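Colleague: no sequence on this one, just coordinates:
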């Protein structure tokens, strides 16, 4: 890996002085990152090793391979034919998912554009910047050769204005390689595609440098290198690999023997100009990367131009010549960037790679009369200041020469001061797919084992990598992180690692009730979170006249026993939760819903904006004091379902206090009765746990205080809120009108807490992130029992646990759940940007095969299908089919209206929205879209109206005509009675299917029989018509299919194989 050093000077003045000292009279540009994909060199490190080892990255082709691509046998057999070339591995592979392309779009793009996108991504990461989130105005300068990709064949000039034609144009034309990268990676500087033939990519770097010097760009990606002005790079602490001192570009004009020939005068002039702009003596240059075409004319002219520029030197100041073309041939428009990258690495690492296949110098070059040597093996280059030249010349005469220099030790030694006093605590990673994330985790595990500076590795992942991709991983940073990452990546264990998918739905904040409090809760948070402390102070002040000793004393004095009394415990819980919510809001979070368990709903109502702290805190103090007067009872949590337990509870005259889960029910009542109840539970082997609370909440023991508490609530008025509350009294979304009911808080105190029902409502509303505000993770534990696998349950605090540890864990879980927060700020810690693993592209093959120009498969398939459609349409009895449609539409309205009534009673008369139907009917969440479709069809048919999302009947639904309509429908079904029978079964049992009471498959296919569906798809004229069209389309595809080309067929249907039965005969002989 490169020995990347991160430079940072105390002041801009000292940096300016250092630059002036080491690079006088020029405007240096720093190379801060790179990436590449060359033949047999998929990355920069492999590329450099191949150069140092003198590896030839080319191969010979067999006669069969040459014939297969259409080469004439006479050419192959010509003794002068050079049967050798370079092949770019995996040129057909691309990570379309990462860049947001469909398969069709990816296959229509020239691989040059696809590979360039990936190269720019890696180059930015190598430079220490997150692709898509670069803070600087960044230009893109790129070049590509003329496309020969088969996807270009789809380009028809007459279709350019159409979507297909425009996609093919942009995917294969040279003009779009730079702008596509700028668009996909959100880069806002100039985006230029450069075309000067063989010198294109080096000219692109020249233009990028000029853009930086002119202030047009603050950063630039040119070919595969990332550039910044040296001054800016030093100020930012960027990794500086080498420095471009100058570059020059000119054209030969007609000072040569022909248009394609090179020119001594033109090349000499461009080299002299570059040296002049670099402000160095030509004798300081120790290496020149030549264009090196290997032709008798080209090499002789290039060496003559170089000899004319570089003065005679002493034997100890010889200049080495090289050319990357000896390793991998002429790379066309990429030739210049390959030479530059070789030179950048040589200058940076102090080694000159060998020139391959050099044995005897060509006498025409007159090397003995020049200051040049040819390195036949790798040579050490130990000068502190190393200077090199790079040449690239294009057919047509556009010449480019560039001067590259090393970074002196004086600048290379200063590291940035990152001693902020905060330790990096977490490693965050994201990827576009699960497989890519696992590979990334493996790479970071390896980097952690190799690199003692784990903080800088985490710092780099946090600040220089994409954090917002959908698949997420977060791991606490400690000695076990590497092993934890490896275990997770190999799917052996998920311990110590939090992972998830970023598209994780809505967020609910949970506010805990009685029993979650503990002594000194919130004290650490009070010391470290300003938002928490300020809000808690408001709560203390709001109830200061109600409590003696004060609430602050009760909460923060470890010796105080006041929290054992509900008069202090309840306001303490509410105050803690309001303050914790304020902390999370200050961090950037906002919930979609809130759920409060018992007294926790008062905190929820404040956080949601219905009440103020000053309104609620005195009331909660009063509530706790009243309940303390009824503290003679007890409570027990029983781990069984409500239906099983209620007969037993009624036998002992106990009250249901809370339903915390399908197998977690809480009962309240007098101590004596509860003791006998628990003994009976033990006899029945039913697990239970006595709760450490004073009093019997939500029981008949509270009856004596209910009137007084309702009187205390009389002056409470709820305002419209900003966040919806899901009430645990009604297990439904409520607003201020419900809260303003005179007896709402009375009923809330007395009736059972429907917690798990409220969670089910939240789940139906699309919630997947549940964040608990309470001082202990009681609700998280309840929720995890029900929805462990498809939701994120996160605690903000835990009993007697270090607050910072719990909050850091919560942050990691929130990140894994896909919550959007300023992660680089929240988890910032000491460290430097270092060489860290780059994104492991999850590539697939995307390739458009060549087709016969005589007939495009799509055209042939469409033509065949149209022919069948027009012919088969004559056999359709359209009036009968129209009558069938009208009859089925009326039945549709009856069955949908029947479903709505089962769910909501007569609510449809006054209007009801789809979500209310889902909730009240307890329909399964997966059928939400189906319900919306059914309702909207009723609107289209004129049976319902929809206003602001609420549906109401537009006309009477004739339920009494159901049987007669089914009889009428049978008359239109060509004798296939199975069709109306299937419709009747499905319609009558629609509620049971959508609520999960019955399996749809059992209804549609009774006793696994598929008669009704099969006749509809295979024998009924309507289904027969479309199957004939499908068969015709397939016939056209088969007829134009290329020999040995695979044919893949996927039927997306209901599982009857109806269409397949029509298609199989067309595949005979394939």
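Modeller: Cool, got the structure. Because the structure is a prediction, the values reported are computed rather than measured.
Colleague: tell me how far the residue nearest to residue 796 when sequence neighbours are not counted lies from residue 390.
Modeller: Counting by C-beta to C-beta, 6 or more residues apart in numbering, residue 796 lies nearest to residue 580, which is 5.2 Å off, once chain neighbours are set aside. No exception for glycine: its C-beta is placed from N, CA and C like everyone else's. Taking C-beta to C-beta, to the nearest Å as the criterion, residue 580 is separated from residue 390 by 60 Å.
Colleague: repeat for residue 445
Modeller: Distance from residue 445 to residue 390, by C-beta to C-beta: 38 Å.
Colleague: more neighbours: which of these two?
Modeller: Regarding residue 445 and residue 390, a neighbour count based on other C-beta atoms under 10 Å identifies residue 390 as having more, with 28 against 23.
Colleague: assign that one to helix, strand or coil.
Modeller: What DSSP: H, G, I helix; E, B strand; the rest coil gives for residue 390 is strand.
Colleague: burial measure for residue 720, as a count.
Modeller: 10.
Colleague: please go through the protein and pick out the longest strand.
Modeller: Determined from DSSP state E, the single longest strand within the chain is strand 242-251.
Colleague: C-terminal to that strand, what's the next element?
Modeller: Heading C-terminal from strand 242-251, the first helix or strand you meet, by DSSP states H and E, is helix 264-278.
Colleague: now do that following helix: distance to the chain's middle.
Modeller: The gap between the average C-alpha position of helix 264-278 and the chain average comes to 48 Å, counting by C-alpha atoms, centre = their mean, to the nearest Å.
Colleague: again, but for stretch 423-440
Modeller: The offset between the C-alpha centroid of stretch 423-440 and the centroid of the whole chain comes to 11 Å, using C-alpha atoms, centre = their mean.
Colleague: let me see the contact set for the residue nearest to residue 796.
Modeller: The neighbourhood of residue 580, defined by C-beta atoms under 8 Å, 6 or more residues apart in numbering, consists of 522, 525, 532, 773, 774, 796, 797.
Colleague: just the element for the second one, please.
Modeller: It refers to residue 525. Using DSSP H and E, residue 525 falls in helix 523-528.
Colleague: ok, back up a step: how close does the residue nearest to residue 796 get to residue 533?
Modeller: For residue 580, the distance to residue 533 equals 12 Å [C-beta to C-beta].
Colleague: the closest residue to residue 282 other than its chain neighbours: neighbour count?
Modeller: Ranked by C-beta to C-beta, 6+ apart and with sequence neighbours excluded, the top spatial neighbour of residue 282 is residue 310, at 5.0 Å. Around residue 310 there are 19 other residues, counting by other C-beta under 10 Å.
Colleague: ranking helices and strands of this protein by mean pLDDT, which lands last?
Modeller: Of all the helices and strands that make up the chain, helix 1011-1014 has the lowest average by mean pLDDT, DSSP states H and E, namely a mean of 58.
Colleague: can you name every helix or strand that the helix or strand just after that helix contacts?
Modeller: Toward the C-terminal end, the helix or strand that comes next after helix 1011-1014 (DSSP H and E) is helix 1021-1040. In this structure, helix 1021-1040 packs against helix 857-872, helix 1058-1063, with contacts taken as 3 or more C-beta pairs under 8 Å, 6 or more residues apart in numbering; DSSP states H and E.
Colleague: what residue ranges in the stretch 151-300 of the chain score low on pLDDT?
Modeller: Counting by pLDDT under 70, the stretch 151-300 of the chain has low-confidence residues at 151-168, 171.
Colleague: also the stretch 701-850 of the chain?
Modeller: Low-confidence segments of the stretch 701-850 of the chain (pLDDT under 70): 849-850.
Colleague: all strands for it, in order.
Modeller: With DSSP state E, counting those that start in this stretch, the ranges of strands along the stretch 701-850 of the chain come out as 725-727, 732-734, 767-772, 792-795, 844-845.
Colleague: using JSON lines, lay out the ones you listed together with distance to residue 781.
Modeller: As requested, those are exported to JSON lines (distance: least, C-beta to C-beta, whole Å):
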{"stretch": "strand 725-727", "distance to residue 781": "19"}
{"stretch": "strand 732-734", "distance to residue 781": "24"}
{"stretch": "strand 767-772", "distance to residue 781": "9"}
{"stretch": "strand 792-795", "distance to residue 781": "8"}
{"stretch": "strand 844-845", "distance to residue 781": "42"}
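Colleague: how about CSV for those strands, with mean neighbour count added?
Modeller: Listed next are the strands of the stretch 701-850 of the chain as CSV, based on neighbours: other C-beta atoms under 10 Å:
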stretch, mean neighbour count
strand 725-727, 25
strand 732-734, 18
strand 767-772, 25
strand 792-795, 24
strand 844-845, 12
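Colleague: quick one: contacts of stretch 931-945?
Modeller: Outside stretch 931-945, the residues within contact range by C-beta under 8 Å, 6+ apart are 889, 892-893, 896-897, 899-900, 914, 917-918, 923, 946, 951-955, 957, 994.
Colleague: about what we covered before: which one of the strands of the stretch 701-850 of the chain lies nearest to residue 119?
Modeller: Taking C-beta to C-beta, strand 844-845 is the member of those nearest to residue 119, at 17.9 Å.
Colleague: would you mind pulling up the elements that the closest one packs against?
Modeller: Using 3+ C-beta pairs under 8 Å, 6+ apart: strand 844-845 touches strand 93-94.
Colleague: who touches both of residue 580 and residue 533?
Modeller: Contact criterion C-beta under 8 Å, 6+ apart; residues bridging residue 580 and residue 533 by contacting each: residue 525.
Colleague: tell me which residue lies nearest the centroid of this protein.
Modeller: Central residue check for the chain by C-alpha atoms, centre = their mean: the C-alpha nearest the mean position is that of residue 469, 2.0 Å away.
Colleague: helix, strand or coil: sort out it for me.
Modeller: Three-state call for residue 469 (three-state DSSP): coil.
Colleague: retrieve the pLDDT associated with it.
Modeller: pLDDT for residue 469: 94.
Colleague: any idea how far residue 926 is from it?
Modeller: The gap separating residue 469 from residue 926 is 26 Å, by C-beta to C-beta.
Colleague: state which helix of this protein is the longest.
Modeller: helix 878-904 (DSSP state H).
Colleague: what sits up against the next helix or strand after that helix?
Modeller: Towards the C-terminus, the helix or strand next in line after helix 878-904, according to DSSP H and E, is strand 912-913. Around strand 912-913, the neighbours that count as contacts under C-beta under 8 Å, 6+ apart are 900, 904, 949, 950, 951, 952.
Colleague: which elements pack onto the helix or strand just after strand 912-913?
Modeller: Past strand 912-913, further along toward the C-terminus, the next helix or strand under DSSP H and E is helix 914-921. For helix 914-921, the helices and strands in contact under the criterion 3+ C-beta pairs under 8 Å, 6+ apart are helix 755-764, helix 878-904, helix 928-940, helix 990-995.
Colleague: show me what contacts residue 755?
Modeller: Shown in contact with residue 755 (C-beta under 8 Å, 6+ apart): 595, 597, 658, 659, 660, 661, 728, 779, 782.
Colleague: show me what the strand or helix carrying residue 554 is packed against.
Modeller: Using DSSP H and E, residue 554 sits within helix 551-556. With contacts defined as 3+ C-beta pairs under 8 Å, 6+ apart, the packing partners of helix 551-556 are helix 523-528, helix 530-542, helix 566-587.
Colleague: quick one: buried residues of that helix?
Modeller: Residues of helix 551-556 classed as buried: 551, 552, 554, 555, 556 (neighbour count, 16 or more other C-beta atoms under 10 Å).
Colleague: distance from that helix to the middle of the chain?
Modeller: The chain centre lies 44 Å from the centre of helix 551-556; the measure is C-alpha atoms, centre = their mean.
Colleague: stretch 532-552 too?
Modeller: Computed by C-alpha atoms, centre = their mean, the chain-centroid distance of stretch 532-552 equals 43 Å.
Colleague: now do stretch 201-221
Modeller: Once both centres are worked out by C-alpha atoms, centre = their mean, stretch 201-221 turns out to sit 31 Å from its chain's centre.
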